[in-house]
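Undergrad: Sequence first, predicted model second:
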Amino acid sequence: MPPKKAPRAPQENISLGPNVREGELVFGVARIFASFNDTFVHVTDLRFVPSGGTGEANILGDSSGRETITRVTGGMKVKADRDESSPYAAMLAAQDVAARCKELGINALHIKIRATGGNGTKTPGPGAQSALRALARSGMKIGRIEDVTPTPSDSTRRKGGRRGRRL
């Protein structure tokens, strides 16, 4: 007669993300960096500081404040280097990010769009708009949209030489 099997301990359910009520919005921050060479879609948690200002908890249960949830680039989605900054690559990256956010229970995003800035161009690249549109179409609620391109108050010398770029 085979030995009796020991009774199994009940399996604990592990849930990712915050514990929220049905219909409640859980915000993350989507930082879209769109240069003319690549597009990054990077989602972090929203730093949640209670009115006491102690900063003891944020939405996802850590006390770190800025935890990376997911980061996908246009270059991870396409083969050719020339397509990394394309709207199509940005759309694919944003769809991946939205799917991962939904797995973790984040259903709303504040958007921060950034161009190269500084000495470079202050205009976001071609992937910014399509990444934002893909996030919205994949079912994420959009909170605030903000441009966080760094603008210098005074900066280092621009490239191009004394007489500028001659065409």
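TA: Yes, it's here. Residues are numbered from 1 along each chain as shown.

Undergrad: which strands and helices sit next to the lengthiest helix in the chain?
TA: When the chain is parsed with DSSP state H, its longest helix is helix 87-103. Of the remaining helices and strands, those touching helix 87-103 by 3 or more C-beta pairs under 8 Å, 6 or more residues apart in numbering; DSSP states H and E are strand 27-34, strand 39-45, strand 68-73, helix 127-137. The C-beta positions use only the backbone N, C-alpha and C, and glycine is treated the same way.

Undergrad: buried ones in it?
TA: Across helix 87-103, burial judged by 16 or more other C-beta atoms under 10 Å covers 87, 89-98, 101.

Undergrad: how would you label A9: helix, strand or coil?
TA: A9 carries the three-state label coil when classified by DSSP: H, G, I helix; E, B strand; the rest coil.

Undergrad: got a pLDDT number for it?
TA: Turning to A9, the model gives it a pLDDT of 73.

Undergrad: Pretty sure F36 sits against S86.
TA: No. Counting by C-beta atoms under 8 Å, F36 sits too far from S86 to count as a contact (10.6 Å).

Undergrad: More neighbours: those two, which one.
TA: Ranked by neighbour count (other C-beta atoms under 10 Å), F36 and S86 place S86 first, with 20 against 16.

Undergrad: Assess the claim that A136 and I145 are in contact.
TA: No. When contacts are counted by C-beta under 8 Å, A136 is not listed as touching I145 (10.2 Å).

Undergrad: ok, back up a step: anything in contact with each of F36 and S86?
TA: Taking C-beta atoms under 8 Å, 6 or more residues apart in numbering as the contact rule, F36 and S86 both touch P126.
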